[in-house]
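**Q** Curious how this folds, go ahead:
(one chain, ligands or ions: 1)
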Amino acid sequence: MTDRNQTLFDRAAQVIPGGVNSPVRAFRAVGGTPRFVQRAQGAYFWDANGQKYIDYIGSWGPMILGHGHPAVLEAVQKAALDGFSFGAPTEREIELAEEILKHVPSMEMVRLVSSGTEAGMSALRLARGATGRSKFIKFEGCYHGHADALLVKAGSGLATFGNPTSAGVPPEVVRDTLVLEYNNITALEEAFALHGKDLACVMIEPIAGNMNFVRASVPFMKRCRELCSEHGALLVFDEVMSGFRVALGSAQSVYAQAIPGFKPDMTVLGKVIGGGMPLAAFGGPREIMRQLAPTGPVYQAGTLSGNPVATACGLTTLREIAKPGFWDALSARTQSLVDGLKGAAASAGVPFSADCQGGMFGFFLLPELPQNYAKVMTSDSPKFNMLFHGLLDGGVYIAPALYEAGFVSAAHTEADIAETVRVAADVFKTL
Ligand code: PMP
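**A** Numbering: from 1, shown residues only. The predicted structure is shown next:
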């Protein structure tokens, strides 16, 4: 049988760099041929050979309801009939903004954009504009999109290629980017002692999904909050991945449970809020958000921002995930996957650790959960690659790199989880 995935990949490589429009899709880290998706439904997709897979990527997070959810499909079809894009405001943009703010009360205003990169880049510009300061802190292994100033030790797709940064980014542009180790309180305190008065913000993935799945510890987050407040720097939560994915109130609601009164100053969102359409956002308190054009001096704009089809998709997705019982069911499903994998690994004597929150999970071929990027990268990568291909051959699609998180959707059934664990158990025995 000819492998249509290979045929398509060869053809793609002639006209698209590396054959893909986003690097991690190329299977560079794990080897082999990327699966070209023909169609998807619920928790599954089918590749160009007609092979079915249980999908634990879900477009890298957005597909929290699974593929082709009927209410979402209906809303998107209806919106498309009314027009694709106007370049003028619509009521649905207000509805989506109101829906987001209702669940994430640290934000009083929100601006809609089209990608997480755009949202992160704009949030940084706004933090700098609002504070009048240039320097900021980010953490090794956190990815905030591919804007120049943020492309330093960014984990994820960049890790594949071993680039601490990217060619084409002038050193001047990252001169004010301070990169610290995640979960390292001492390094944070030292950086504030040295640069506190010059810091515009600390940007962080609170539950990082770009070095697999690593939580900021509660004491570390508490210290981030205290130091930012003491020094007049803004705490910017990049919740592009964790937002509406780990909880309805996003990761900040998880930290607010552990740290009374906790909230970030600004929040960056993407993925789930667009339900699979190009949509992202950033928001915060009114006095900061009013610094944006047209009311303030910080410029930001977008031809397709607040796109009517994308907002229909995102709004319907958010309304579905706000229904009673949704989070209990999703969390239980994700937990049963994690528990099942842990059990299967233990039976096979494979060192293994795993964690999850809401519909997001991560696992490591390490005996203990890592706390930072360097620890994540001590994972056994040849073994991970064997695991990845074993799962793939068994019809289970996880991220093709050991430093990526995974996603369970509301469409995954207990039977899907059981099948996944069964396939994984067989693969663990061969590691
Ligand atoms: N921030 C985080 C935390 C992300 O995970 C991503 C994408 N994976 C981005 C920003 C960039 O978003 P996009 O790919 O939509 O530009």
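
**Q** From now on I want contacts and neighbour counts done on CA atoms only, so please keep to that.
**A** OK.

**Q** Give the burial count for E95, as a bare number.
**A** Neighbourhood size, E95 [other CA atoms under 10 Å]: 14.

**Q** Look at it and report its pLDDT.
**A** E95 is assigned 98 on the pLDDT scale.

**Q** Now do the helices in this protein.
**A** 4-15, 70-82, 91-103, 116-131, 156-160, 185-195, 218-231, 250-258, 286-289, 308-321, 326-348, 373-376, 381-393, 414-430 (DSSP state H).

**Q** And the third one, what's buried?
**A** When you say that, I think you mean helix 91-103. Within helix 91-103, the residues that count as buried by 16 or more other CA atoms under 10 Å are 92-93, 96-101, 103.

**Q** Please compute how far it lies from its chain's middle.
**A** Offset of helix 91-103 from its chain centre (CA atoms, centre = their mean, to the nearest Å): 21 Å.

**Q** Which strands and helices lie in contact with that helix?
**A** Helix 91-103 is packed against strand 109-113, helix 308-321, with contacts defined by 3 or more CA pairs under 8 Å, 6 or more residues apart in numbering; DSSP states H and E.

**Q** Would you mind putting these into a markdown table with distance to L126, mean pLDDT and mean neighbour count alongside?
**A** Formatted as a markdown table, these follow (distance: least, CA to CA, whole Å; pLDDT from 0 to 100; neighbours: other CA atoms under 10 Å):
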| stretch | distance to L126 | mean pLDDT | mean neighbour count |
| --- | --- | --- | --- |
| strand 109-113 | 11 | 98 | 23 |
| helix 308-321 | 23 | 98 | 24 |
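
**Q** Get me the contact residues on the protein for the ligand.
**A** Along the chain, the residues adjacent to the ligand under the rule CA under 6 Å from any ligand atom are 115-117, 143-145, 205, 238-241.

**Q** farthest pair in the buried residues of helix 91-103?
**A** R92 and H103 (17.0 Å; CA to CA).

**Q** re the thing from before, out of the residues of the chain next to the ligand, which sit inside strands?
**A** When DSSP state E defines the strands, the subset of the residues of the chain next to the ligand inside them is 238-239.

**Q** domain assignment for the protein?
**A** What automatic domain parsing lists as the domains of the chain is 4-68+324-430, 70-321.

**Q** Next one: W327 from the ligand, what distance?
**A** To the ligand, W327 is 21 Å away according to CA to the nearest ligand atom, to the nearest Å.

**Q** Look up the closest residue to N184, ignoring the ones flanking it.
**A** Computed as CA to CA, 6 or more residues apart in numbering, the closest residue to N184 that is not its neighbour in sequence is F220, at 7.1 Å.

**Q** so the one you found touches T186, yeah?
**A** No. Between F220 and T186 there is no contact under CA atoms under 8 Å: 9.6 Å.

**Q** Not including adjacent chain positions, what is the nearest residue to V427?
**A** Closest residue in space to V427, ignoring its immediate chain neighbours: G390 at 5.7 Å, by CA to CA, 6+ apart.

**Q** Okay, the one you found and A424: tell me how far apart.
**A** 8 Å (CA to CA, to the nearest Å).

**Q** swap in K78?
**A** On the measure of CA to CA, K78 and A424 end up 41 Å apart.

**Q** ok, F220 and T186, which is more surrounded?
**A** F220 (17 against 12).

**Q** Let me see the contact set for that one.
**A** Under the criterion of CA atoms under 8 Å, 6 or more residues apart in numbering, the neighbours of F220 are 183-185.

**Q** confidence score at the most centrally placed residue in the chain?
**A** Residue closest to the average C-alpha location in the chain (CA atoms, centre = their mean): M241, at 2.4 Å. Per-residue confidence at M241 stands at 98 (pLDDT).

**Q** How about F161?
**A** 47.

**Q** again, but for V218
**A** pLDDT at V218 comes out at 98.

**Q** hmm, back to that, let's have the helices of the chain in CSV, adding distance to F363.
**A** Converted to CSV, the helices of the chain look like this (distance: least, CA to CA, whole Å):
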stretch, distance to F363
helix 4-15, 28
helix 70-82, 30
helix 91-103, 28
helix 116-131, 24
helix 156-160, 15
helix 185-195, 24
helix 218-231, 20
helix 250-258, 19
helix 286-289, 37
helix 308-321, 25
helix 326-348, 8
helix 373-376, 10
helix 381-393, 10
helix 414-430, 12
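
**Q** Pick out the shakiest of those helices, pLDDT-wise.
**A** For those, mean pLDDT drops lowest on helix 156-160, to a mean of 52.

**Q** gap between H231 and T430?
**A** For H231 relative to T430 (CA to CA), the value is 53 Å.

**Q** Compare K78 and A424 and say which is more crowded by neighbours.
**A** A424 (21 against 13).

**Q** what's the closest non-adjacent residue to the more buried one?
**A** Nearest to A424 is L391, by CA to CA, 6+ apart, at 6.3 Å.

**Q** Run a quick neighbour tally on the one you found.
**A** Neighbours of L391 using other CA under 10 Å come to 24.

**Q** how much space between it and G283?
**A** For L391 relative to G283 (CA to CA), the value is 39 Å.

**Q** try T2
**A** 49 Å.

**Q** and the two? which has more neighbours close in?
**A** G283 (27 against 7).

**Q** Touching, the more buried one and E108? I think so.
**A** Yes. Proximity of G283 to E108 meets the contact threshold set by CA under 8 Å, at 7.2 Å.

**Q** Quick one: residues contacting A13.
**A** 19-20.

**Q** And V24, how close does it get to N210?
**A** V24 is 11 Å from N210, by CA to CA.

**Q** oh sorry, the question was meant for G116
**A** From G116 across to N210, the span is 13 Å (CA to CA).

**Q** same deal with T7?
**A** Separation of T7 from N210 (CA to CA): 30 Å.

**Q** okay, the two: which has more neighbours?
**A** The residue with more neighbours, out of T7 and N210, is N210; 24 against 13, by other CA under 10 Å.

**Q** On the pLDDT front, check the more buried one for me.
**A** The model's pLDDT for N210 equals 96.
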